[in-house]
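*Asks:* Would you be able to build a 3D model of this:
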Amino acid sequence: MNNRLLAGNATFYVKNTITGNKFTFKIFKRNVYVKNFAIRNKKWKYFANSERSTKLGYISKEDVFIPTNGYKPIGKLSTNPYYKWPVEAFAWFWLRVNALPNNVEVKHANRCVRCGKVLTDESSMSKWFGPICYKKHQHVQ
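*Replies:* Alright, predicted model coming up:
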């Protein structure tokens, strides 16, 4: 599951089948330039957004979700429910991404998790990748 979500452009939803609560998230990969001793290093970073395009945070290279206020890490979560609930939901999900409870389902938004194009056939939908992106993703692993 984790490999699919970090493919570069994943839009998916997480739903609790008991309560009916549903959150839509997007994890996307972007180039970030970091200055170290006057040398510019190009790094990839994975950012997480909610369905309202609210920036929730980023995923570190150690696979840890770090909530942010825009692009700066925050120590304490906001009390505003518009921002707090999606952040808490994503943080909960990311901690359990490889061992989710049975009452939680994760579905993609019928788009390739690598390029974002609409998926049309059943085999692509089951893989979460379009045929070209699936080959590229298999080659990278």
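*Asks:* Surely L100 is in contact with V106?
*Replies:* Yes. Using C-beta atoms under 8 Å, L100 is in contact with V106, at 6.9 Å. (Each C-beta comes from the backbone N, C-alpha and C, glycine too.)
*Asks:* Between the two, tell me which one has more neighbours.
*Replies:* Neighbour tally, L100 and V106, criterion other C-beta atoms under 10 Å: the higher count belongs to V106, 16 against 13.
*Asks:* By mean pLDDT, which helix or strand of this protein comes out lowest?
*Replies:* strand 72-73 (a mean of 51; mean pLDDT, DSSP states H and E).
*Asks:* Specify the beta-bridge partners of the nearest residue to A109 once chain neighbours are set aside.
*Replies:* Excluding its sequence neighbours, the residue lying closest to A109 (C-beta to C-beta, 6 or more residues apart in numbering) is T11, at 4.2 Å. Taking DSSP bridges as the rule, T11 bridges to K26.
*Asks:* T11 and G20, how far apart?
*Replies:* Distance, T11 to G20, using C-beta to C-beta, to the nearest Å: 20 Å.
*Asks:* repeat for V118
*Replies:* 26 Å.
*Asks:* Show me where the protein has its strands.
*Replies:* 9-16, 22-36, 39-50, 55-59, 65-69, 72-73, 104-108 (DSSP state E).
*Asks:* Looking at these, spot the one closest to I132.
*Replies:* strand 9-16 (13.7 Å; C-beta to C-beta).
*Asks:* Not counting the closest one itself, show me its contacts.
*Replies:* Residues outside strand 9-16 that contact it (C-beta atoms under 8 Å, 6 or more residues apart in numbering): 4-5, 21-29, 89, 93, 103-109, 111-116, 128.
*Asks:* Great, nothing more from me.
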